[in-house]
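[1] what's the 3D shape of this:
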Amino acid sequence: MQYSPCRIARLSLIAALLIFTFNINSFGQQSKTRTNQASRKIGFAEAQNLLANENEGDLSKQPGKFSRTRLSGGQVLEVYYPITTPNPRRKSRPVTTPGYGVLYESELAFKEANRPRHVLEDLIPNGHKLVGDIPQLVAKLEKRLRLGAGKLDYSRASLKRVDAYLAGYLSSHSTMQTDPQLFQELTAYYGETLRRVVGGAWRVREERVSELHKQPEPNIILNSGGAKEIKPWSGLISVLYDEDKRGAGLMKLFDADVAATK
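    All right, here's what the predicted structure looks like:
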């Protein structure tokens, strides 16, 4: 699923914040580790040494400020030059911010580090695992809502109970506060409720995001025809995080998704 640049920027910021706030599963942690290993920050002097006998700025350059260079060894080096600005407290002594470099192990690693992020990368890192864990996730949602086992019976009416909980949750949380565990529980329950009504089946689609990354999306395919898919997580993103559509409720979303299948 493709989002506008504005939406991608907003959700990328959300994802960046939740890395430090919440404990995501090992899939996401491994992905983050690989990115860190593919690049490293180096001192300005070391960066300058690496540029010796290289065509600095062959990829991009702002003289005296920034350069991006493809090194002869296949690495990519970004150099950020020192910046000197006036000191508001001591006008006679300007402040200098040290320069530094970022060294990527390859051009492919550079592209991967700077690629657009899929909105699910941190909310649902592994769509296959979510589909396999639906019963457990629904049980956790029942516990979160302080309901007995089986009270969430996959009916349209049961979504009222979830909406009642979300009304209180959204009133005390901003669009920047994300909870991957809650999002996965809601996706599992809402998606399974929707699947049963429309007579569909779960299918995890490997959506290519870049040369190295495919995002497993937990979608629902309709049995009649097989070509049409519903993305239950997409509507949930709007209900929880879209400032314009936030708080619409799962019942309203459910009715719209069911109507779209007819």
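[2] Glu207 is in contact with His118, isn't it?
    Yes - between Glu207 and His118 a contact is recorded at 6.6 Å, counting by CB atoms under 8 Å. For every residue, glycine as well, the C-beta is placed using N, CA and C.
[3] residues near Gly249, how many?
    By other CB atoms under 10 Å, 17 other residues sit near Gly249.
[4] what's the nearest residue to it once chain neighbours are set aside in contact with, if anything?
    With CB to CB, 6 or more residues apart in numbering as the criterion, Gly249 has its nearest non-adjacent residue at 4.5 Å, and that residue is Asp163. Contact criterion CB atoms under 8 Å, 6 or more residues apart in numbering gives Gly249, Leu250, Met251 as the residues in contact with Asp163.
[5] mutual contacts of Glu207 and His118, please.
    Taking CB under 8 Å, 6+ apart as the contact rule, the neighbours common to Glu207 and His118 are Gln215.
[6] with neighbour numbers in mind, choose between those two.
    The residue with more neighbours, out of Glu207 and His118, is His118; 26 against 17, by other CB under 10 Å.
[7] so the more buried one: helix, strand or coil?
    coil (DSSP: H, G, I helix; E, B strand; the rest coil).
[8] just give the closest residue to it, not the sequence neighbours.
    Beyond its immediate neighbours in the sequence, the residue positioned closest to His118 (CB to CB, 6+ apart) is Gln215, lying 4.0 Å away.
[9] now the one you found, which residues is it bridged with?
    With DSSP bridges applied, the residues forming beta bridges to Gln215 are Glu207.
[10] roughly how far does it sit from Arg115?
    The gap separating Gln215 from Arg115 is 11 Å, by CB to CB, to the nearest Å.
[11] list residues touching both of these two?
    When contacts are counted by CB under 8 Å, 6+ apart, the set common to Gln215 and Arg115 consists of Val209.
[12] show the contacting residues for the nearest residue to Leu130 once chain neighbours are set aside.
    Leaving aside its sequence neighbours, Leu130 sits nearest to Pro218 (CB to CB, 6+ apart; 5.0 Å). Shown here is Pro218, whose contacts under the criterion CB under 8 Å, 6+ apart are Ile124, Gly127, His128, Leu130, Val131, Thr187, Gly191, Trp202, Val204, Pro232, Trp233.
[13] can we see that at 10 Å?
    Contact analysis of Pro218 by CB atoms under 10 Å, 6 or more residues apart in numbering lists 120, 124, 126-132, 134, 184, 187-188, 191, 202-205, 231-233.
[14] which one of Gln215 and Arg115 has more residues nearby?
    Neighbours of Gln215 and Arg115, each counted by other CB under 10 Å, are more numerous for Gln215; the result is 21 against 13.
[15] so which residues of the protein form strands?
    With DSSP state E as the criterion, the chain has strands at 39-43, 60-62, 66-70, 76-80, 83-85, 95-97, 100-104, 200-208, 214-222, 229-230.
[16] turn the ones you listed into CSV, columns for distance to His173 and mean pLDDT.
    Written out in CSV, the entries for those read as follows (distance: least, CB to CB, whole Å; pLDDT from 0 to 100):
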stretch, distance to His173, mean pLDDT
strand 39-43, 33, 94
strand 60-62, 39, 94
strand 66-70, 37, 95
strand 76-80, 36, 96
strand 83-85, 37, 86
strand 95-97, 35, 86
strand 100-104, 34, 96
strand 200-208, 28, 93
strand 214-222, 23, 94
strand 229-230, 26, 92
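[17] among the ones you listed, which is nearest Tyr241?
    Of all the strands of the chain, strand 214-222 sits nearest to Tyr241, with 17.0 Å by CB to CB.
[18] brilliant, that's me finished.
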